[in-house]
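[1] based on what follows, work out the 3D shape:
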Amino acid sequence: MAAHERARQLDPLIATSVSHTYYQMGDYEGALRNFAVGSWGIAGMTFGTMGRTADGLAAFRNQEQTGIPLPMRAFIGAWRAMLEGNRQESITAAEQCIQHYLDPEGVFYMGLIMARLGESARALSVLSECMDRGFTSVHALLHNPWFECLRSTAQFQELLKRAQARFLEADEIYRSAGGSEALSGGIQAVMS
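    Sure, this is the predicted structure:
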């Protein structure tokens, strides 16, 4: 969020993906307020998670009308089918996305879908794979309501411990590298 604010100080019209950060933090209104062109999918995801199914479906159906590449089409299709109540289509599209999507955050969202659909073992496997590929969201694991079905399992608790340890490690690296100062110190701090 600080990087987004700093970028906006430099260029008030710059597009960022901060809406995903707000989504991961459970601030769905913030995600919608900070939606940027190119942050495809986030509006439909946010509406769907908020229980605004009709709005989510409209956003995803609009996205499907564009010429998005196959992995992104599978991503959108998995969410749209889930919101429509088409379980098997959603699972099939999510699996396609998991296999072909390069961004581990996007795959994390497929783990969220699997959890929502009651596919607990697959959800845990996908979330673990995302962590192995470098992405996790401790806050989402702790607070996103769609993970509730997993929270009482030993596998989820182990995954959460790994996520928390990785977060602390990343935070220490960020701080020791002067990350906070770079964001608050302006472009000169970043360039020098």
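
[2] would you mind finding the longest helix in this protein?
    helix 154-176 (DSSP state H).

[3] and the contacts of that one?
    124, 127-128, 131, 136-138, 141-142, 147, 150-151, 180 (CB atoms under 8 Å, 6 or more residues apart in numbering). Quick note: C-beta positions are derived from backbone N, CA and C, even for glycine.

[4] for stretch 32-48, same thing?
    Residues contacting stretch 32-48 (CB under 8 Å, 6+ apart): 4, 15-20, 22-23, 28, 31, 53, 55-60, 63, 68, 72, 75-76, 79-80, 82-83, 109.

[5] which ChimeraX command selects the buried ones in the contacts of helix 154-176?
    Restricted to buried positions by 16 or more other CB atoms under 10 Å, the ChimeraX selection for those reads:
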select :124,127,128,131,136,137,141,147,150
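
[6] which ones among the contacts of helix 154-176 are found in helices?
    Going by DSSP H, the helices hold 124, 127-128, 131, 138, 141-142, 180 from the contacts of helix 154-176.

[7] with adjacent residues omitted, what lies nearest to T53?
    Nearest non-adjacent residue to T53, counting by CB to CB, 6 or more residues apart in numbering: L83, 5.2 Å away.

[8] helix or strand: which one has that neighbour?
    In the assignment (DSSP states H and E), L83 maps to helix 70-84.

[9] tally of neighbours for S152?
    S152: 8 surrounding residues under other CB atoms under 10 Å.

[10] if we can go back for a sec, pick the one among the ones in helices among the contacts of helix 154-176 closest to A93.
    L127 (18.0 Å; CB to CB).
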